[in-house]
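Enquirer: Dropping a prediction and its sequence here:
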Amino acid sequence: MAQIGHNRHQTPLLDGVKEPADLRKLDEGQLREFADELRAEMIEAVSATGGHLGAGLGVVELTTALHYVFNTPDDRLIWDVSHQCYPHKILTGRRDRMRSLRQGGGLSGFTSRKESIYDPFGAAHSSTSISAGLGFSVARDFRGEDNAVIAVIGDGAMSAGMAYEAMNNAGAMNSRLIVILNDNDMSIAPPVGAMSAYLSQLISSKPFQSVRNLGRELAKRFPRPIEMAAKRAEEYARGLLTGGTLFEELGFFYIGPIDGHNLDHLLPVLKNVRDADYEGPVLIHCVTQKGKGYEPAEAAADKYHGVAKFDVVTGKQAKPAPKAPAYQNVFAQALIAEAEIDDKIVAVSAAMPSGTGLNKFSERFPERTFDVGIAEQHAVTFCAGLACEGFRPFAAIYSTFLQRAYDQVVHDVAIQSLPVRFAIDRAGMVGADGVTHQGSYDLTYLGCLPNFVLMAPSDEVELMHMVATACQIDDRPSAFRYPRGEALGLEMPDRGSPLEIGKGRIVREGSKVAILSLGTRLADALAAADDLAARGLSTTVADARFAKPLDEDLVRRLAHEHEVLITVEEGAIGGFATQVMQFLALEGAFDKGLRFRPVTLPDIFIDHDKPDQQLVQAGIDRGGILSAVLQALGQDEVESPARA
C-alpha cells in the first residue's frame, strides 16, 4: 500500500499510468493498490497547494473504476460541481501539473474544457451534470454513435431543482444516460453491504435484463390494463428490494445502493450497465465517505472540504492568523446586533451557512435561520413570501450563486417591490476559485432593476452601517455587496447606524481630479490620490456608498468642480459607472468638457490567481486608477512628478 505522509511515496502502478488507456491495461486485481497510490498522490499534491480535499478522497475508487470500465474520453464523463475532480485530473495526463493547482497560470480547481479533452464539460456550480449529460446523449443519438455518457452528481447537488428537471426530461425522452449518485452524506442511502451489492449486480446483469424484456414482451400480448399492472408490479418488486422509488418515478432504472469504495462491488455493476441494452436512463446509487483514507479528513469532513496548505502527517493546515475579521463574519456580527432588537429579522442561506457567516447567526438564533440547500431560486422566493407577511428576511448568497436565481429576484421580489435584503458575499475577485466564483456581475444585473437600493461598503464599519440601513428599508428590495477575505481591521461599533438612502461622502478634498469609488477599492483610490498629489494633481476622493439610488448631488458637484472624473468599482462593465454616465449624459456634463473614465473589470474572464494579482490584471488596483487619470489628462503614465 502506498505510504501517506512521506514526500516520496512509492507509486509504481500510478507511475505507469499517463492516461486512462494505460489504466485499462492493468489487471483488476491491481486496482486496489492503484487506488491507494492515487489517494496518496492526491493528498500530497493538495498539501502543497491547498484546494478541495475531502470530496476527491471520497471518489478515488469510483474514479478509478469509471476510467477502467469506460473508454474515456470517447465515453463522456461529466463531474457535477467538480470539487471531486482531482483524482480524475491525476489520471488524465495532468499529474505533473498538480502542484500548480489553483495557482496563477496553473491547473483550475475544477473541470475545464480548455484544459483537457477528458473534461467534456466545465463546472464549478452545482447540479448541471444531468442536464449537460442529456445534451451529450441526444447529440450522440443524432450522430448515430453509441458511446456512453456518465454524469456523476453528489447528494448535495441533488437538492437543487435543476437536477430533477433534468431527470424528468431524461426519463421522458428515454435517452440512454448513466447517472451516478455519489451519496457521501448518508442522507439518502439505507445501509449497504453484501446483499445490496448482490441485488445491484443481479438487477443490472444481462440475464435479469433479458428476463425483464421477455416479461415486458409477453405482457404486451395481454390487454392494456394487464400490461400496465405487470409493469407496476415489476417496478414495485424492485422498489422493495432496492429502494429508489423516486428515481423510478422519474423514468430512471435504479441500481443500488452499493459501496462506492469496494471495487469488487463497483466494477461488476459498471460493466453490466456499460454492456446491457437499456432502453432509457440508469441511476447507480453509490455510497461513499468524504475524506476516505485520510484520518484527519475522515474525522472532520467539513474542515477538510476546502483546505489551505497542510502537513500530510499531522493534517495541520498552514492558515496564517487573521489580522482582521473576515467580511462575512462582520456581516454576521452586524446582523446579530440588529436581530437582538428586532424579532422580525430572519436569515436564509442556500447551502453556505459557514461561507456566509450565517452559522454564527444560527448559533444565536437557530429558529430564525434557514438553510434551504442548493436551491437559490427557492431561497429568494421563500424570502419574498416572508417579506409579504411582514418579516425582514436577509438572503445571504454569494454573488455568482445569486445569478442562478435572477428571475426570482426580478419577478418575485423587484416587480412586487418586496423588502427582501440581499447580502451579496464574494463580490469581486475571489482568487484561487477563479472565473466561476468571481462576483463580477451583481452591480450590473441588479443595477438595471427599478426601485432597487444597491450598496457597497468601503470597509467593515460601513458594512455594519449598511446592514442597519437594510433593516430600515421596508418598502422595496435592497442589497449590499462585500468581498471575500479580511476587512481592514478598523474598530467597529457594537451596532451599525442607518445611512441616508442614496447619499455618498467626500473622503478627501481636491480641485483638479475627482475619484468616485464604490466599495472596497476606496483604499486604492486614496493611494492613487497620493500618487497624483506627488505629481501636483490635487484630487478629491469620494465614497459613493450607493450605486442606486445614485447620489446625484454628489456626482453633479464632482463633475462641475473637476476637470477629470474617474469612477472605480470591482464589477463588470454595465454597473455603477453606467449609472453615473447615464446621469451625466442627461445632465449635459460631457458637453461642457468633462473628462470621464470608468475603472471597471475588463470585458474578459480572469483566471484563478492571487487576488492582488487579479486586481492588477484587471487594472482596478492603485496603478490602474492612476493610469486612468493620467490617460484622461493626456499625460504619459511614467511621467515624473517634477514634470507634472
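Expert: Received it, and whenever you're ready, just let me know what you need.

Enquirer: how is the protein carved up into domains?
Expert: The record's domain parsing of the chain by automatic domain parsing lists 327-481, 505-632.

Enquirer: shaky segments in the chain?
Expert: By pLDDT under 70, the weakly predicted segments of the chain are 1-8, 186-244, 636-644.

Enquirer: which residue is nearest the centroid of it?
Expert: For the chain, His125 is the residue whose C-alpha lies nearest the centre (C-alpha atoms, centre = their mean; 4.3 Å).

Enquirer: so of the domains of the chain, which one's packed in deepest?
Expert: domain 327-481 (a mean of 22; mean count of other C-beta atoms under 10 Å). (Glycine included, C-beta is placed from N, CA and C.)

Enquirer: Ends of that domain, what's the gap?
Expert: Terminal residues of domain 327-481 lie 10 Å apart, using C-alpha to C-alpha, to the nearest Å.

Enquirer: list the buried ones in stretch 81-92?
Expert: Applying a neighbour-count criterion of 16 or more other C-beta atoms under 10 Å, the buried positions in stretch 81-92 are Val81, Ser82, His83, Gln84, Cys85, Tyr86, Pro87, His88, Lys89, Ile90, Leu91, Thr92.

Enquirer: Return the subset of those residues lying in strands.
Expert: Assigned to strands by DSSP state E, none of the buried residues of stretch 81-92 qualify.

Enquirer: need the domains of the chain in TSV with distance to Ala318, can you?
Expert: Supplementary listing: those in TSV, determined by distance: least, C-beta to C-beta, whole Å:
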stretch	distance to Ala318
domain 327-481	14
domain 505-632	15
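
Enquirer: What is the burial count for Leu278?
Expert: No, residue 278 isn't Leu; it's Tyr. 16 (other C-beta atoms under 10 Å).

Enquirer: meant to ask about Glu115, not that
Expert: Per other C-beta under 10 Å, the neighbour tally for Glu115 reads 17.

Enquirer: and the nearest residue to Lys316 once chain neighbours are set aside, what does it touch?
Expert: Closest residue to Lys316 apart from its sequence neighbours, by C-beta to C-beta, 6 or more residues apart in numbering: Phe310 at 6.1 Å. The contact partners of Phe310, by C-beta atoms under 8 Å, 6 or more residues apart in numbering, come to Val46, Ser47, Gly50, Lys316, Gln317, Ala318.

Enquirer: would you list every one of the helices in the stretch 1-150 of the chain?
Expert: Assigned by DSSP state H, counting those that start in this stretch, the stretch 1-150 of the chain shows helices spanning 12-15, 20-23, 31-49, 54-57, 60-69, 86-89, 129-143.

Enquirer: What would stretch 375-383 look like as PDB? C-alpha coordinates only.
Expert: Presented in PDB, the C-alpha positions along stretch 375-383 are these (Å, rounded to 0.1, in the frame of the first residue of the first chain):
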ATOM      1  CA  ALA A 375     -31.700  26.000  -4.100                       C
ATOM      2  CA  GLU A 376     -31.100  29.700  -4.700                       C
ATOM      3  CA  GLN A 377     -34.300  30.100  -6.700                       C
ATOM      4  CA  HIS A 378     -36.300  28.700  -3.800                       C
ATOM      5  CA  ALA A 379     -34.400  30.800  -1.300                       C
ATOM      6  CA  VAL A 380     -35.200  34.100  -3.000                       C
ATOM      7  CA  THR A 381     -38.900  33.300  -3.400                       C
ATOM      8  CA  PHE A 382     -39.100  31.900   0.100                       C
ATOM      9  CA  CYS A 383     -37.700  35.300   1.300                       C
END
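
Enquirer: give me the element Ile180 is part of.
Expert: Assigned by DSSP states H and E, Ile180 belongs to strand 178-183.

Enquirer: and that strand with helix 60-69, angle?
Expert: 170 degrees (axes from the mean of the first three to the mean of the last three C-alpha atoms, to 10 degrees).

Enquirer: contacts for strand 178-183?
Expert: 58-59, 62, 66, 84, 129-130, 133, 148-155, 158, 167, 170, 188-189, 252, 256-257, 260, 273, 281-288.

Enquirer: just how off-centre is it within its chain?
Expert: Averaging C-alpha positions (C-alpha atoms, centre = their mean, to the nearest Å) puts strand 178-183 20 Å from its chain's average.

Enquirer: Taking their axis directions, it and helix 129-143 sit at what angle?
Expert: In terms of direction (the same axes, to 10 degrees), strand 178-183 departs from helix 129-143 by 170 degrees.

Enquirer: Strand partners (parallel or antiparallel) of strand 178-183?
Expert: Strand 178-183 has these partner strands in its sheet, going by DSSP bridges: strand 149-154 (parallel), strand 282-287 (parallel).

Enquirer: Serialize these to CSV and add fields for mean neighbour count and distance to His437.
Expert: Shown next, in CSV, are the strands paired with strand 178-183 (neighbours: other C-beta atoms under 10 Å; distance: least, C-beta to C-beta, whole Å):
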stretch, mean neighbour count, distance to His437
strand 149-154, 27, 18
strand 282-287, 26, 27
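
Enquirer: Tell me which of these sits nearest to Phe365.
Expert: Closest approach to Phe365 among those is made by strand 149-154 (29.0 Å; C-beta to C-beta).

Enquirer: Check what contacts the closest one and list those residues.
Expert: If you take C-beta under 8 Å, 6+ apart as the criterion, strand 149-154 is touched by 55, 59, 62, 66, 70, 75-81, 84, 126-127, 129-130, 132-133, 136-137, 140, 163, 176-184.

Enquirer: Thought Arg508 was touching Asp543, still the case?
Expert: No: in this structure, Asp543 is not within contact of Arg508 by C-beta atoms under 8 Å, at 9.9 Å.

Enquirer: Which neighbours do the two have in common?
Expert: Counting by C-beta under 8 Å, 6+ apart, Asp543 and Arg508 have no shared contacts at all.

Enquirer: what's across from the residue nearest to Lys316 in the sheet?
Expert: Beta-bridge pairing for Phe310 (DSSP bridges): Gln317.

Enquirer: Okay, it and His52: tell me how far apart.
Expert: 13 Å (C-beta to C-beta, to the nearest Å).

Enquirer: Using a markdown table, lay out the helices of the stretch 1-150 of the chain together with distance to Lys512.
Expert: Shown next, in a markdown table, are the helices of the stretch 1-150 of the chain (distance: least, C-beta to C-beta, whole Å):
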| stretch | distance to Lys512 |
| --- | --- |
| helix 12-15 | 63 |
| helix 20-23 | 63 |
| helix 31-49 | 46 |
| helix 54-57 | 54 |
| helix 60-69 | 61 |
| helix 86-89 | 53 |
| helix 129-143 | 54 |
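
Enquirer: how about these, which one is nearest Leu418?
Expert: helix 129-143 (29.6 Å).

Enquirer: buried residues in the closest one?
Expert: Residues Ser129, Ile130, Ser131, Ala132, Gly133, Leu134, Gly135, Phe136, Ser137, Arg140 are the ones in helix 129-143 that count as buried (16+ other C-beta under 10 Å).

Enquirer: separation between Met466 and Gln579?
Expert: 18 Å.

Enquirer: Please name the nearest non-neighbouring residue to Gly502.
Expert: That would be Pro549: by C-beta to C-beta, 6+ apart, it lies 3.8 Å from Gly502.

Enquirer: one step back: between the contacts of Phe310, which sits nearest Ala337?
Expert: Each of the contacts of Phe310 was scored against Ala337 by C-beta to C-beta, and Gln317 proved nearest at 30.5 Å.

Enquirer: State the number of residues packed around that closest one.
Expert: Residues within reach of Gln317, counting by other C-beta under 10 Å, total 16.
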